[in-house]
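>>> Provided below for reference: sequence and predicted model.
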Amino acid sequence: MKFTKDQEEKFTKLNISSWSELALIIPHSYEDLRLNDKLIPHSLQLIDATVESVYRAANSIQITFFAHNFGHTIQGVLFRPKPYMMHQFNVGDRDYFFGMVECKVGQCSITMPKKVTNIGAITPKYKSKLRSDVMLRFIQKNLTLENLVVEGLDAKVAEELLTLHFPSVMLSLKELSITTLEALKYTELFVYMKQLSSKKRYFKSIAKASRSYKAWAKKLPFTLTEKQVEAIQDIQKDFAKDISAKRMIVGDVGSGKTMVILASAYMMLNKRAILMAPTTILANQLFEEAQKYLSDAKSILVTNKSKKIDLSEYDFIIGTHALLYRKLPKAGLVMVDEQHRFGTQQRNMLDKLVCQGEKKPHFLQFSATPIPRTLAMIETAHIDVSLITSTPFKKDITTSVIHKQDFQELLLHITQEIKQGNQVLLVYPLVEQSEVLEYQSIQEARGYWENHFENVYVTHGKDKEKEQVLVDFSKKGNILIATTVVEVGISLPKLSSVVIVGAERLGLSTLHQLRGRVSRTGLKGYCFLYTNQTSSQRLEEFCHTSSGFDIANMDLRYRKSGDLLKGISQSGSQFQWIDLAEDEEIVQRVKGGMMVPS
Ligand code: ADP
Ligand code: MG
């Protein structure tokens, strides 16, 4: 759409770029400039009045009006008048004035009256980067149904929004009607998704692939879950197009994303696939799984310890971000596992490295941070999304909230688990004592555990040796004391229990990630949430919820969605109207109305 220079200037000042966004800047109040012959006390009201006298005092002006619409006099008061205000009141003049009308013991007054000309209408007042009257004129001149509809906004929604800017009756902004509220939600989301989709670029793909995953799946020692199959089929359809795919596959810890990765590599085998993982352990694990379940592929593992060799001989290249510093051969497919663990910069680097001229490889990102369905729908404006909402086998994890008085019992439990050859993870919130408020830090707590138990390992986020510590622990450890670093998707098959100290300080998604560390292979698992809080509904609810997607919704409800949105959503924006936990239907409508290509 073309804007005039004036419109563009105002848009820039308001920091918007469309009429729909302008429509979202709603008035903060209204002035009823209709003439009423009934005096309504305690209200802003219009009078049609003749000035009878003006009296100037030190800090105020008093004006006696004869209000023709009421048929009696009314006393005007201006406190601390500015010079320009004086000129509005000349004895004998008849004009329209607007102000707060009050009555006390038969005497009526109008406070801070001001001369108005724009009478007969309900006039919106705006608070924006433009002066209220400038904004009013701008909106009245430009905000039309036509302008909104041309942008693609639903006509009914647009009409509803216009009633806020061109009201025919007095509206209360504190009690907006459901239809108005829905129109605001709709438009807010419409604007957001439109911005997202304008960022979506289509590139030709380097390679198409029409190979089916079915022959490969047949040879697996288990049957793929329905959700795994759905995700794989989404990807198979992507590969059949000559547009390069950009898809995010989201599934809880243990939902079997690796199989989707391997199926994708299989379908792209003769066109080469590259897979990047956030840690050496994870890359190693993926490499081993590739050798086991995808033996047709010539796979290689690349870490910062591997020698520089010609990678073009391999059709499945698996590695850490060491890959970013290698010369990579042309590939039809690039995948990133645990993508939420990489910085945007690293992801972009990878993207660029494998981009060949105008064409791009298909790009798949795998994430273990479940997102609410609504958010997934919104994200489809710029990226395709597959959700794996089930796990191949039910994990049996008992979650409970514990307190100081339960410590002896906890010790007993830990002792028993270790006796049975199982491992225990203790998560402490902080490393340095100075930061500690009401819980022990790792450094303070480790002594106790090291004195009372054997084979205790300790690591934390800044620990350079943490990968090695995790490897050593997995082989011979009883207890691992760590911060949330263990969130990274490594597999510790003997881990049966996790104790999270100061659980209330962490987001539900993080708690869920930590809980997902135990019972990876069907072992009976335990998750203890240690807190000094006497009661927490949030933690109690968490104990009874096992699906990561449900937890993502809970996170939204408890308004801890900041975390959640940051990693996933482009803007991490906080919406003013729409509620992602409640408004699925509206999200659906906006999405349907936008006809986002799938
Ligand atoms: P994540 O989604 O966390 O990456 P993984 O891919 O590591 O999960 O899978 C977890 C475990 O489930 C692995 O041991 C894997 O071999 C196993 N697995 C994956 N898919 C299936 C399936 N369809 N049936 C049984 N086990 C499966
Ligand atoms: Mg995984």
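That came in fine, so what should we check first? Quantities reported herein were computed from a predicted structural model and do not represent experimental measurements. Ligands and ions are numbered 1, 2, ... in the order given.

>>> host element of Thr73?
Assessed by DSSP states H and E, Thr73 sits inside strand 72-79.

>>> which of the residues in that strand are buried?
Buried residues in strand 72-79, counted by 16 or more other C-beta atoms under 10 Å: 73-74, 76-78. Yep, even glycine has a C-beta here, placed from its N, CA and C like the rest.

>>> can you tell me which of those residues is nearest ligand 1?
Leu78 (70.5 Å; C-beta to the nearest ligand atom).

>>> do you know how far the closest one is from ligand 2?
To ligand 2, Leu78 is 71 Å away according to C-beta to the ion, to the nearest Å.

>>> quick one: that residue and Arg56 touch, right?
No: between Leu78 and Arg56 there is no contact under C-beta atoms under 8 Å: 9.6 Å.

>>> which neighbours do these two share?
Common contact partners of Leu78 and Arg56 (C-beta atoms under 8 Å, 6 or more residues apart in numbering): none.

>>> show me what the strand holding Thr73 packs onto, helices and strands only.
strand 43-56, strand 60-67, strand 94-104, strand 107-115 (3 or more C-beta pairs under 8 Å, 6 or more residues apart in numbering; DSSP states H and E).

>>> per-residue pLDDT, His486?
Quick fix: residue 486 is Val, not His. Listed pLDDT for Val486 reads 62.

>>> doesn't Lys241 make contact with His362?
No: His362 is beyond contact range of Lys241, at 9.2 Å (criterion: C-beta under 8 Å).

>>> more neighbours: those two, which one.
A count of neighbours by other C-beta atoms under 10 Å puts His362 above the other of His362 and Lys241, at 29 against 13.

>>> and the more buried one, what does it touch?
205-207, 238-239, 244-245, 268, 332-334.

>>> just the ones of the residues you listed in strands?
333-334 (DSSP state E).

>>> separate out the buried members of the contacts of His362.
Buried subset of the contacts of His362 (neighbour count, 16+ other C-beta under 10 Å): 205-207, 238-239, 244-245, 268, 332-334.

>>> against ligand 1, how distant is Tyr150?
You called it Tyr, but residue 150 is Val. Remark: distance between Val150 and ligand 1 (C-beta to the nearest ligand atom, to the nearest Å) = 45 Å.

>>> burial count for that residue?
11.

>>> confidence score at it?
Note for Val150: predicted pLDDT of 94.

>>> ok now the helix or strand that contains Glu146, how far from the chain's centre?
Assigned by DSSP H and E, Glu146 falls within helix 145-150. Averaging C-alpha positions (C-alpha atoms, centre = their mean, to the nearest Å) puts helix 145-150 29 Å from its chain's average.

>>> now what about the helix or strand that that helix is followed by, what contacts it?
Heading C-terminal from helix 145-150, the first helix or strand you meet, by DSSP H and E, is helix 155-165. Identification of contacts with helix 155-165 by C-beta under 8 Å, 6+ apart yields 23-24, 26-27, 124, 139-140, 143, 145, 148-149, 171, 179-180, 182-184, 186-187, 190.

>>> same thing but at 7 Å, please
Contacts to helix 155-165, defined as C-beta atoms under 7 Å, 6 or more residues apart in numbering, come from residues 23, 26-27, 124, 139, 143, 145, 148-149, 171, 179-180, 183, 186-187.

>>> which of those residues has the weakest pLDDT?
Minimum pLDDT across those falls on Leu171, with 83.

>>> lowest confidence element among the helices and strands of the protein?
For the chain, using mean pLDDT, DSSP states H and E, the weakest element among its helices and strands is helix 561-568, scoring a mean of 44.

>>> next structured bit after that helix?
Where DSSP H and E defines the elements, the next helix or strand beyond helix 561-568 is helix 584-594.

>>> got the angle between that following helix and helix 155-165?
Going by axes from the mean of the first three to the mean of the last three C-alpha atoms, to 10 degrees, helix 584-594 is angled at 110 degrees with respect to helix 155-165.

>>> dump helix 584-594 to CSV, restricted to CA.
The C-alpha trace of helix 584-594 is given here as CSV (Å, rounded to 0.1, in the frame of the first residue of the first chain):
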residue,chain,number,x,y,z
GLU,A,584,-7.2,-20.7,20.8
GLU,A,585,-10.4,-20.1,18.8
ILE,A,586,-9.4,-16.6,17.8
VAL,A,587,-5.9,-17.8,16.9
GLN,A,588,-7.6,-20.4,14.7
ARG,A,589,-9.8,-17.7,13.0
VAL,A,590,-6.9,-15.3,12.3
LYS,A,591,-4.8,-18.2,10.9
GLY,A,592,-7.7,-19.3,8.7
GLY,A,593,-8.3,-15.7,7.6
MET,A,594,-4.7,-15.2,6.6
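
>>> returning to what we had before: tell me the one among the buried residues of strand 72-79 nearest to ligand 2.
Leu78 (71.1 Å; C-beta to the ion).

>>> count the neighbours of the closest residue to ligand 2 within the stretch 301-450 of the chain for me.
Here the residue of the stretch 301-450 of the chain nearest ligand 2 is Asp337; by C-beta to the ion that distance is 5.8 Å. Number of residues near Asp337 (other C-beta under 10 Å) recorded here: 26.

>>> run through the residues that contact it.
261, 275, 277, 282, 286, 366.

>>> now the buried members of those.
The neighbour-count criterion (16+ other C-beta under 10 Å) marks 261, 275, 277, 282, 286, 366 among these as buried.

>>> mind putting those residues into CSV with distance to Glu438 and secondary structure?
Below are these laid out as CSV (distance: C-beta to C-beta, whole Å; DSSP: H, G, I helix; E, B strand; the rest coil):
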residue, distance to Glu438, secondary structure
Ile261, 42, helix
Leu275, 43, strand
Ala277, 36, coil
Leu282, 34, helix
Leu286, 40, helix
Phe366, 37, strand
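
>>> ok, back up a step: in strands, which of the contacts of helix 155-165 appear?
Counting by DSSP E, the contacts of helix 155-165 place Pro124 in strands.

>>> ok, which pair from the contacts of helix 155-165 is furthest apart?
Val149 and Leu171 (22.6 Å; C-beta to C-beta).

>>> okay, these two: which has more neighbours?
Counted by other C-beta under 10 Å, Val149 and Leu171 do not tie: Leu171 has more neighbours, with 19 against 15.
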